[in-house]
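Chemist: sequence plus the predicted model coming up.
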Number of protein chains: 2
Amino acid sequence: MEHGGDLTRAIDQYGGTFDDWLDLSTGINPHTYPVPNALSRSAWTDLPGQAALDRLIAAARKAYRVPDHFGIVAGPGTQVLLSLLPETLPEGPVSLASPTYGSHKKVWTRSGRTPTELSSVYALPADAKIVLLVNPNNPDGRLVDVKSLLEMATVLTGRGGCLVLDEAFADTVPGASILPHVTDQNVLVLRSFGKFFGLAGLRLGFLAGPPALIQKTAGLLESWCLSGPAIEFGTAALRDADWQTKMNRQLADEMADLTLLLNEHHLSVFGGTPLYALAGLRKAVHLHEALARRHIWTRIFDYAPTWLRLGLPGSKANFERLSDALAEAQKEL
Amino acid sequence: MEHGGDLTRAIDQYGGTFDDWLDLSTGINPHTYPVPNALSRSAWTDLPGQAALDRLIAAARKAYRVPDHFGIVAGPGTQVLLSLLPETLPEGPVSLASPTYGSHKKVWTRSGRTPTELSSVYALPADAKIVLLVNPNNPDGRLVDVKSLLEMATVLTGRGGCLVLDEAFADTVPGASILPHVTDQNVLVLRSFGKFFGLAGLRLGFLAGPPALIQKTAGLLESWCLSGPAIEFGTAALRDADWQTKMNRQLADEMADLTLLLNEHHLSVFGGTPLYALAGLRKAVHLHEALARRHIWTRIFDYAPTWLRLGLPGSKANFERLSDALAEAQKEL
């Protein structure tokens, strides 16, 4: 499966080394949760045991405000967890709110259940049984309010179906998550650890939902699929509520600065979250290429040639580098 | 799927804390490849990219002496890779040399293809199409010579089948691996990184074989299933041929010492590899329990009540602790 965000391909095409590039092509927080000076030795040496896994799950349950009657399971990244959804969920038509993160459509299509497009998240198709939404959405940041989600979930549950929410970017949008509000609806929620904590290399994600569905997913995961460092580091980060609160304020501030900068350079930001801005301009592809020649990597979309997505630069120096590059690149358009 | 080796269960039953226990229940090298003082920051923060993955594969290819015409793919532990074998391999009867590591039988049975038992590895059943051997075997260390393996592989290849070798413990047994000798046979070889390098928490393993089969497996693995630390650390360790040579001598010496110690305590070692000794005694289960009461965790087998498997103690202090505990425990039998 191909994905954006791999600098290797940028380097193949535009030269330079990894260190030369400013990678704004992802929505990964550039302010990493402090990389550990010393993980315990056993995190590296031992097969991960149940006690450590239980601590991780307890920390995730609290951080994500998972209701007591829900189950939660950890996987080596949400990519692996979302790939198991077709095997986990009941038979029936699948609707997907598009455009969105491409993997969802791919894994369902691969399983022989090509999703129909959900034209509006407020107009549930009469035959829909499983509805999948990324909320807030990637790349445009579209946010469906919790009340509407709960109503949709109730209808789907009545049909023996399920509402699936990929809350990969919900950490940075207060009030976005459905988890604290779910009662008796069939709702499955994906949570990504690596994006908000800036630790995408660690491979850690979660799926929360009704216990029967969570047990089914857990049964499909192989033993020891999580690394020791992911378990230990994930537990520490998820328990650190102070860092999470502080980081959320900081990301909102930095996104405000980035939005201003992009507007000053005639890019109108029309969507996003605190971890990425989605800008519109007629010559998005040309600007992407002009920035790439300056070794700044952004994200473009084949289905929307006027869209350009940029992550946070992460430092004053990177911010100024982007500003200078935008000024120069605009002259070439 | 349940496995041995999880100290959590030992603690539940016999008390103590993780630090109290001497865990001899696994075949993981107690002499860990030096845990990194500083992995690169990007190993933690970035989604693993293709360039880093290519370096890892090149290092594994060299370390495991994979022939040029073979492909090789990395996964988050051999457990995940071996679970994909039923989807990767052609239809037809499967034979498994037993007793052995339990997961192989479980994943094939789960896929609806219950393996028959291979009564002798030197007598290939007339209808066998896929034969699976752990070589050297776990727990008894039985080693099938490369010449016999190649002959079996040639016959199976002629039937459109395949020989699958789990070489999880081949690193410590010079000359054991079939990889340098394969020509045009259909052979798939599993290699485990964590056992020999003492880094089971890292989750890293490999599958080598004919390119078409390797591509099939690679297509079943999700993107970014390997962590950044696993890729970076794995590359460094696999490149370090000096450490590997030195470690192999050290492990052989320590296993000789352990074998002597066990013999002195009336346990006759009748199998194993430099990473584990398999001892036989009538009261194996009682000795296992008596050692557990002293917070030393060994491995017993429900199919062979006279077997006791012990890993290397790893230090002089642990060696003496085991010696004292054996002396005391024997009095209770």
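Modeler: Yep, that arrived.

Chemist: which residues of the stretch 101-250 of chain A lie near chain B?
Modeler: Those residues of the stretch 101-250 of chain A that sit near chain B, judged by C-beta under 8 Å from any C-beta of the partner chain, are A:103, A:194, A:198-203, A:222-230. Using the backbone N, CA and C atoms, a C-beta is placed for each residue, glycine as well.

Chemist: in helices only, show me these.
Modeler: A:103, A:194, A:228-230 (DSSP state H).

Chemist: what's the ChimeraX line that selects buried ones from these?
Modeler: To isolate the buried ones among those in ChimeraX, judged by 16 or more other C-beta atoms under 10 Å in any protein chain shown, type:
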select /A:103,194,228,229,230
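
Chemist: out of the ones in helices among the residues of the stretch 101-250 of chain A next to chain B, which one sits closest to chain B?
Modeler: Nearest to chain B, judged by C-beta to the nearest C-beta, of those is A:Gly228 at 2.6 Å.

Chemist: the closest one contacts B:Gly194, correct?
Modeler: No - proximity of A:Gly228 to B:Gly194 does not meet the contact threshold set by C-beta atoms under 8 Å, at 9.8 Å.

Chemist: what do those two both touch?
Modeler: Shared contacts of A:Gly228 and B:Gly194, defined by C-beta atoms under 8 Å, 6 or more residues apart in numbering or on different chains, comprise B:200-203.

Chemist: within reach of chain A, which of those residues are there?
Modeler: When contact is defined as C-beta under 8 Å from any C-beta, these meet chain A at B:200-203.

Chemist: what residues are up against the closest residue to A:Ser323 other than its chain neighbours?
Modeler: The shortest distance from A:Ser323 to any residue other than its chain neighbours is 5.8 Å, reached at A:Leu261 (C-beta to C-beta, 6 or more residues apart in numbering or on different chains). A:Leu261 is in contact with A:319, A:322-323, A:326, counting by C-beta under 8 Å, 6+ apart.

Chemist: if any of these are buried, put those into a ChimeraX selection.
Modeler: What follows is the ChimeraX syntax for the buried subset of the contacts of A:Leu261, where burial is set by 16+ other C-beta under 10 Å:
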select /A:319,322,326
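
Chemist: now, the most widely separated pair of the contacts of A:Leu261?
Modeler: A:Phe319 and A:Leu326 (10.8 Å; C-beta to C-beta).

Chemist: which SSE is A:Leu190 in?
Modeler: strand A:187-192 (DSSP states H and E).

Chemist: and that strand, what does it pack onto?
Modeler: With contacts defined as 3 or more C-beta pairs under 8 Å, 6 or more residues apart in numbering or on different chains; DSSP states H and E, strand A:187-192 has these neighbours: helix A:78-83, strand A:162-166, strand A:205-209.

Chemist: closest one to A:Pro67 among the ones you listed?
Modeler: The minimum distance between A:Pro67 and these falls on strand A:205-209, with 8.6 Å, by C-beta to C-beta.

Chemist: of all the helices and strands packed on strand A:187-192, which lies closest to B:Val144?
Modeler: Taking C-beta to C-beta as the criterion, B:Val144 comes closest to helix A:78-83 out of the helices and strands packed on strand A:187-192, the separation being 34.5 Å.

Chemist: please report phi then psi for A:Ala277.
Modeler: In terms of degrees, to the nearest 10, the main-chain angles of A:Ala277 are phi -110, psi 140.

Chemist: my read: it touches A:Leu260, true?
Modeler: No - proximity of A:Ala277 to A:Leu260 does not meet the contact threshold set by C-beta under 8 Å, at 10.5 Å.

Chemist: those two: which is more packed in?
Modeler: It is A:Ala277, of A:Ala277 and A:Leu260, that has more neighbours when counted by other C-beta atoms under 10 Å in any protein chain shown, with 25 against 11.

Chemist: spatially nearest residue to the more buried one, not counting backbone neighbours?
Modeler: Taking C-beta to C-beta, 6+ apart as the measure, A:Ala277 lies nearest to A:Val269, with 4.8 Å between them; neighbours along the chain are not counted.

Chemist: in the sheet, who's paired with that neighbour?
Modeler: In this structure, A:Val269 bridges to A:Ala279 when assessed by DSSP bridges.

Chemist: for it, which residues are in contact?
Modeler: With contact taken as C-beta under 8 Å, 6+ apart, A:Val269 is in contact with A:259, A:262-263, A:277-279.

Chemist: what is the burial count for A:Arg111?
Modeler: To be clear, residue A:111 is Ser; Arg isn't right here. For A:Ser111, using other C-beta under 10 Å, the count is 14.

Chemist: not counting its neighbours along the chain, what's nearest it?
Modeler: Using C-beta to C-beta, 6+ apart and skipping residues adjacent in sequence, the residue nearest A:Ser111 is A:Pro86, 3.6 Å away.

Chemist: so where does the one you found fall, helix or strand?
Modeler: Under the criterion DSSP H and E, the helix or strand holding A:Pro86 is helix A:85-88.

Chemist: which other helices and strands contact that helix?
Modeler: For helix A:85-88, the elements it packs on are helix A:103-110, helix A:211-220, judged by 3+ C-beta pairs under 8 Å, 6+ apart.

Chemist: need the next SSE after it, C-terminal direction.
Modeler: That would be, after helix A:85-88 and using DSSP H and E, strand A:94-97.

Chemist: mind naming the longest helix for chain A?
Modeler: Per DSSP H, chain A has its longest helix at helix A:241-264.

Chemist: go through that helix and flag the buried ones.
Modeler: Neighbour counts over helix A:241-264 (16+ other C-beta under 10 Å) mark A:244, A:247-248, A:251, A:254-255, A:258-259, A:261-262 as buried.
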